[in-house]
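Give me a model of this one.
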Amino acid sequence: MHNIIITSAGQRVSLVRAFKKELNQRCPGALVLTTDMEPELSAACNVSDKYFRVKRVTDPAYIDELINLCLANGVRMVVPTLDTELLVLSTNRQKFEKEGIHVIVSGEDFVKKCRDKRLISDFFTERGISVPALYDKAKPVFPLFIKPYDGSLSADTYLIRSKNELTEYHYSNEKLMFMEYIDKEVNDEYTVDMYYGRDNKVKCIIPRKRIKVRAGEINKGLTCKNAIVPFLKERLSHIDTAIGCLTLQLFLNRDNGRITGIEINPRFGGGFPLSYRAGGNYPGWLIEEYYGNRNIEYFEGWEDALLMLRYDDEILVHGYQA
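Residues are numbered from 1 along each chain as shown. Below you'll find the model as predicted:
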């Protein structure tokens, strides 16, 4: 069978629908399944072909549980969506491979770099990409930006404009980094969806300008064919062990053109539906690569200046018993 499981599905309705569409076109009859800790309350689970309740990803039994689910349901591809599960899945990749199951996650060492913003800053620097300057907590420069080195979804972040805004928590929390503030008055913030093939080479680069962000996820966005594309193609044409969708965060200075790398999330980002609608068919390419053994060529024919305006929608579940 050629079924697919999307883990930690949560609210990723558009991603599930994209995989269902592309899988049905290439493997008629194959199913897109989902997992979650509370699948009955997950919108994405309720639009998938079938869902399963699973343990927390940090549970020692999680990997065996997921492998058994795959074997029992004809699944040969696992697509993770949550930062906290990436390293667990990457570390255990060989267990899946022994069963003929492809886990779409980059190699363990690269995932570790992506999960630690200090390490990914070194990675950017090695590739010739500027990063925000790091400040000594004893010698802060204002304004400054504070964030945890292992954070996500903009949690526990602070813009500090003067010394009197700093608290004991900021100084004592060893996870918090004091960094150069990238002024959004002169810098545009971008998320870049990058697709890496099985050969670890980049096949597509789609920058999305973050016009409005809500709860750390893009709410209004715009695809942009600009200087970011050749810049990243030159510097990140190949990343050892990188596969599938990588979501890169950066800033582009409107005055001097400086591109500043912030972080990489080696998974599908929440705003990927915009890149998909623009022509970045990453779900289809994954299916063709891993199920059809097709080599994906570099693709730049995606739609420029495509605006996405998100709104709240509803998934209704009839007969639900609380």
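
In terms of secondary structure, what does the helix or strand where residue 96 lies contact?
Counting by DSSP states H and E, the element that carries residue 96 is helix 93-97. Judged by 3 or more C-beta pairs under 8 Å, 6 or more residues apart in numbering; DSSP states H and E, helix 93-97 is in contact with helix 62-72, strand 102-103. Quick note: C-beta positions are derived from backbone N, CA and C, even for glycine.

Present those as CSV; the columns should include distance to residue 29 and mean neighbour count.
Supplementary listing: the helices and strands packed on helix 93-97 in CSV, determined by distance: least, C-beta to C-beta, whole Å; neighbours: other C-beta atoms under 10 Å:
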stretch, distance to residue 29, mean neighbour count
helix 62-72, 17, 17
strand 102-103, 19, 22
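
right, so of those, which gets closest to residue 15?
Closest approach to residue 15 among the helices and strands packed on helix 93-97 is made by strand 102-103 (16.5 Å; C-beta to C-beta).

re earlier: just put the helices and strands packed on helix 93-97 in a markdown table and tack on mean pLDDT and distance to residue 234.
Compiled in a markdown table, the helices and strands packed on helix 93-97 are given as follows (pLDDT from 0 to 100; distance: least, C-beta to C-beta, whole Å):
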| stretch | mean pLDDT | distance to residue 234 |
| --- | --- | --- |
| helix 62-72 | 98 | 38 |
| strand 102-103 | 98 | 29 |
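
Output these as JSON lines; include the columns distance to residue 259.
Conversion of the helices and strands packed on helix 93-97 to JSON lines gives the following (distance: least, C-beta to C-beta, whole Å):
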{"stretch": "helix 62-72", "distance to residue 259": "38"}
{"stretch": "strand 102-103", "distance to residue 259": "31"}
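
Residue 22: which of the ones you listed is closest?
When the helices and strands packed on helix 93-97 are ranked by distance to residue 22, counting by C-beta to C-beta, first place goes to strand 102-103 at 15.2 Å.

What residues does residue 128 make contact with?
Applying C-beta atoms under 8 Å, 6 or more residues apart in numbering, one finds that residue 128 lies in contact with residue 235.

wait, which of the helices and strands packed on helix 93-97 is closest to residue 206?
In terms of C-beta to C-beta, the element of the helices and strands packed on helix 93-97 nearest to residue 206 is strand 102-103, at 23.1 Å.

helices or strands next to the closest one in the packing?
Packed against strand 102-103 by the contact rule (3+ C-beta pairs under 8 Å, 6+ apart) you find strand 75-79, helix 93-97.

Tell me the first helix or strand C-terminal of the first one.
Of the helices and strands lying after strand 75-79 in sequence (DSSP H and E), the nearest is helix 83-91.

which other helices and strands contact that next one?
In terms of contacts (3+ C-beta pairs under 8 Å, 6+ apart), helix 83-91 is packed against helix 62-72, helix 108-115.

Output those helices as a markdown table; include the columns distance to residue 32.
Shown next, in a markdown table, are the helices and strands packed on helix 83-91 (distance: least, C-beta to C-beta, whole Å):
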| stretch | distance to residue 32 |
| --- | --- |
| helix 62-72 | 13 |
| helix 108-115 | 24 |
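
What is the helix ranked longest in the chain packed up against?
Selection of the longest helix in the chain by residue count, based on DSSP state H, yields helix 13-26. Contacting helix 13-26 under the criterion 3+ C-beta pairs under 8 Å, 6+ apart are the following elements: strand 3-6, strand 32-36, helix 272-278, helix 282-290.

possible to save the ones you listed as JSON lines with mean neighbour count and distance to residue 212?
Compiled in JSON lines, the helices and strands packed on helix 13-26 are given as follows (neighbours: other C-beta atoms under 10 Å; distance: least, C-beta to C-beta, whole Å):
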{"stretch": "strand 3-6", "mean neighbour count": "27", "distance to residue 212": "26"}
{"stretch": "strand 32-36", "mean neighbour count": "26", "distance to residue 212": "27"}
{"stretch": "helix 272-278", "mean neighbour count": "23", "distance to residue 212": "13"}
{"stretch": "helix 282-290", "mean neighbour count": "22", "distance to residue 212": "24"}
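
do you know which of those lies nearest residue 250?
Nearest to residue 250, of the helices and strands packed on helix 13-26 and by C-beta to C-beta, is helix 272-278 at 15.1 Å.

now the strands: where do they sit in the stretch 151-300 of the chain?
Counting by DSSP state E, counting those that start in this stretch, the segments of the stretch 151-300 of the chain that form strands are 158-160, 176-180, 187-196, 202-214, 217-223, 244-253, 259-265.

For residue 8, find the nearest of the ones you listed.
That would be, of the strands of the stretch 151-300 of the chain and by C-beta to C-beta, strand 259-265, which comes in at 13.3 Å.

returning to that earlier point: any chance of the helices and strands packed on helix 13-26 in a markdown table, plus distance to residue 114 and mean pLDDT?
Supplementary listing: the helices and strands packed on helix 13-26 in a markdown table, determined by distance: least, C-beta to C-beta, whole Å; pLDDT from 0 to 100:
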| stretch | distance to residue 114 | mean pLDDT |
| --- | --- | --- |
| strand 3-6 | 20 | 98 |
| strand 32-36 | 22 | 98 |
| helix 272-278 | 16 | 98 |
| helix 282-290 | 17 | 98 |
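
I appreciate the help and will end here.
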